[in-house]
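Student: coords please:
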Amino acid sequence: MIDEVIAYLQSKGIIDDLLFTELFMEEMLRKGFGCRRVRSGLKKKKLDIELVEEAMSGYPLNQEAERARTIAAVRVSRMANEEPAKRKTKIMHYLIRQGYSPEVADEVSRSVVIDTQTGREYN
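Tutor: Sure, this is the predicted structure:
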């Protein structure tokens, strides 16, 4: 009985896991989440792993650093009174929590945190 109801709803387009996956991924990208967080979010929705992998194959990985830089720039602007080392660490940890790889988080945090006295990136 349940299988018949599900089949009926799918035939009418009411249940569409592929469409849901695409829309959910778009929403997570709009919110600025990184690849790891998007994949994790899709898996938490109990979607078929093949569907998740299919959706992730369309993930714009080549734009990952730029998206991270955009959200990091907003975040760092709120930390003007903190010293560069602290800003860099906070930004890096924030990006990792948002699903960016440690490598991307490190690169971006160094590029957005500039020592105001020397004008150089903080390493």
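Student: What is the burial count for residue 31?
Tutor: Applying other CB atoms under 10 Å, we find 12 residues neighbouring residue 31. Every C-beta, even on glycine, is put in place using the N, C-alpha and C of the backbone.
Student: what pLDDT does it get?
Tutor: We have a pLDDT of 93 for residue 31.
Student: ok, now how distant is it from residue 25?
Tutor: Residue 31 sits 11 Å away from residue 25, going by CB to CB, to the nearest Å.
Student: repeat for residue 86
Tutor: 33 Å.
Student: which one of those two has more residues nearby?
Tutor: residue 25 (20 against 13).
Student: Tell me which residues touch the closest residue to the more buried one other than its chain neighbours, please.
Tutor: Distances taken as CB to CB, 6 or more residues apart in numbering place residue 55 nearest to residue 25, at 5.3 Å, with adjacent residues excluded. Shown in contact with residue 55 (CB atoms under 8 Å, 6 or more residues apart in numbering): 21, 22, 25, 42.
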